[in-house]
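**Student:** Following is a predicted model, sequence given first.
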Amino acid sequence: MPSIFTKIIKGDVPSYRIAEDNKHYAFLDINPSAEGHTLCIPKKEIDYIFDLEPSELSALNLFAQKVAKGMDEALQPIRTGIIVEGMEVPHAHIHLIPIYKETQRFSLGMQVEVSQNRMTELAKLISEKVIL
Ligand code: AMP
């Protein structure tokens, strides 16, 4: 049974697409901890991120770096934070979460309301700034 993220990569489940190369995909988290909260995943379905081959883990991080730079350019946060947890979806992923204020709490438990229109707008803004 493919993971929900594999279904997203295949286009069987919709997503707010940010960027894609032949081995990775980035899209907005539908339960964002902050506006622009993005997930970066390998197209290869593997549960635990540290079970990726070293070269695959490096490539995923380098992909996430390019996405984060695009987020910084598009959204102008203080910086973009990074979390790897993976307790909900068994498909390796990196959370990229913009930090807009020094007092902003930075955790996956925090959820902000973002309308569908704003999600579409955020995906467009970020995707235009990501250079792969
Ligand atoms: P975790 O596995 O705890 O690191 O987190 C999985 C993340 O995937 C959560 O933040 C969810 O909101 C997110 N998520 C689950 N399903 C979808 C989906 N269909 N589209 C975008 N994000 C999702």
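**Tutor:** That came through fine.
**Student:** The residue sitting nearest the centre point of the chain bridge partners, please.
**Tutor:** Central residue of the chain (CA atoms, centre = their mean): L39, 1.6 Å from the mean position. Legend: beta-bridge partners of L39 under DSSP bridges are F27, H95.
**Student:** my read: it touches H24, true?
**Tutor:** No: contact between L39 and H24 fails when scored by CB atoms under 8 Å: they sit 10.6 Å apart. In short, each C-beta sits where N, CA and C put it, glycine included.
**Student:** Report how many residues lie close to S3.
**Tutor:** 17 (other CB atoms under 10 Å).
**Student:** Name the nearest residue to it, ignoring sequence neighbours.
**Tutor:** H91 (3.9 Å; CB to CB, 6 or more residues apart in numbering).
**Student:** what's the helix or strand I97 falls within in contact with?
**Tutor:** Using DSSP states H and E, I97 sits in strand 94-99. Outside strand 94-99, the residues that touch it by CB atoms under 8 Å, 6 or more residues apart in numbering are 29, 33-41, 49, 60-61, 64, 67-68, 71-72, 75, 77-85, 106, 108.
**Student:** Now, of those, which are buried?
**Tutor:** 29, 33-41, 49, 60, 64, 67-68, 71-72, 75, 77, 80-81 (16 or more other CB atoms under 10 Å).
**Student:** Any idea how far stretch 89-106 is from the middle of the chain?
**Tutor:** Relative to the chain's own centre, stretch 89-106 is displaced by 9 Å; criterion: CA atoms, centre = their mean, to the nearest Å.
**Student:** wait, stretch 124-132
**Tutor:** That offset, for stretch 124-132, works out to 13 Å (CA atoms, centre = their mean).
**Student:** What residues does the protein have near the ligand?
**Tutor:** By CB under 6 Å from any ligand atom, the residues of the chain that approach the ligand are 4, 13, 15, 29-31, 39, 85-89, 108.
**Student:** Now pLDDT and secondary structure too, for those, in CSV please.
**Tutor:** Formatted as CSV, the residues of the chain next to the ligand follow (pLDDT from 0 to 100; DSSP: H, G, I helix; E, B strand; the rest coil):
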residue, pLDDT, secondary structure
I4, 98, helix
V13, 98, coil
S15, 98, coil
D29, 98, coil
I30, 98, coil
N31, 96, coil
L39, 98, strand
E85, 96, coil
G86, 96, coil
M87, 95, coil
E88, 96, coil
V89, 98, coil
L108, 88, coil
